[in-house]
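>>> generate a structure from the sequence data that follows.
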Amino acid sequence: MIGLLSDTHDNLVTVREAVRLFNDAGCELVIHAGDFVAPFAAWELRVLRCPVQAIFGNCDGERAGLAEAFSGWGEIREAPLAFTHGGLRYIVTHLDRPVDGYIAGRSCDIIIFGHTHRPLCERRNGILVVNPGEAGGWLTGKSTAALLEPRTMAVDIVPLK
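Predicted structure coming up:
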């Protein structure tokens, strides 16, 4: 199982709920698609029992502090983040604009993005495209995360709080 998270926007209550969800699900990896906002929100992920791959979002102004928060236990970098895990090719970006280009390039199996604060799970040209929604809940009033089962490519959007 892989945990998916985006747009936490410093909401420590929902970040802690996501961490509980991911640990209870036995996640082997958590992917954060940007917009922690401040490093103290990233520190909450240290309780996870798996590695974290993350990218900076457009609201992540304290990038040096975020990089320091991840030092020694996870990774955060500029988007796009491309990697392979369990034989599947992932691209993680924050903004939704480049998604169509990645689909056209067919260089991945799964695209994860954030920014829109709206959950999405669909297949486009054979590529799984997922936005876990906004974990912070500040914009829509709905806090969500997602669980991805990589063997079946099934995604469950899970309400937080």
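>>> need phi/psi at the residue positioned nearest the centre of the chain.
Nearest residue to the geometric centre of the chain (CA atoms, centre = their mean): H32, 2.6 Å. Backbone geometry at H32, expressed as degrees, to the nearest 10, gives phi -110, psi 120.
>>> where along the chain do the strands fall?
Secondary structure of the chain (DSSP state E): strands at 2-5, 29-32, 52-55, 75-77, 81-85, 88-92, 110-112, 120-124, 127-131, 143-149, 154-160.
>>> just name the most buried of those.
Ranked by mean neighbour count under mean count of other CB atoms under 10 Å, the strands of the chain are led by strand 2-5, which reaches a mean of 29. For glycine as for every other residue, the C-beta is placed from the backbone atoms N, C-alpha and C.
>>> which strands or helices does it pack on?
For strand 2-5, the elements it packs on are helix 12-24, strand 29-32, strand 143-149, judged by 3 or more CB pairs under 8 Å, 6 or more residues apart in numbering; DSSP states H and E.
>>> how about the ones you listed in CSV, adding mean pLDDT and distance to S71?
Shown next, in CSV, are these (pLDDT from 0 to 100; distance: least, CB to CB, whole Å):
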stretch, mean pLDDT, distance to S71
helix 12-24, 98, 19
strand 29-32, 98, 15
strand 143-149, 98, 24
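>>> buried set for the least confident helix or strand in the chain by mean pLDDT?
Every helix and strand in the chain was compared by mean pLDDT, DSSP states H and E; the lowest is helix 99-105, with a mean of 89. Residues of helix 99-105 classed as buried by neighbour count (16 or more other CB atoms under 10 Å): V99, Y102, I103.
>>> give the contact list for the first one.
Neighbour list for V99: T93, I111, F113, V129 [criterion: CB atoms under 8 Å, 6 or more residues apart in numbering].
>>> the closest residue to E28 other than its chain neighbours and Y102, how far apart?
Spatially, and ignoring its direct neighbours in sequence, E28 is nearest to C50 (5.4 Å; CB to CB, 6 or more residues apart in numbering). Distance of C50 to Y102, computed by CB to CB, to the nearest Å: 25 Å.
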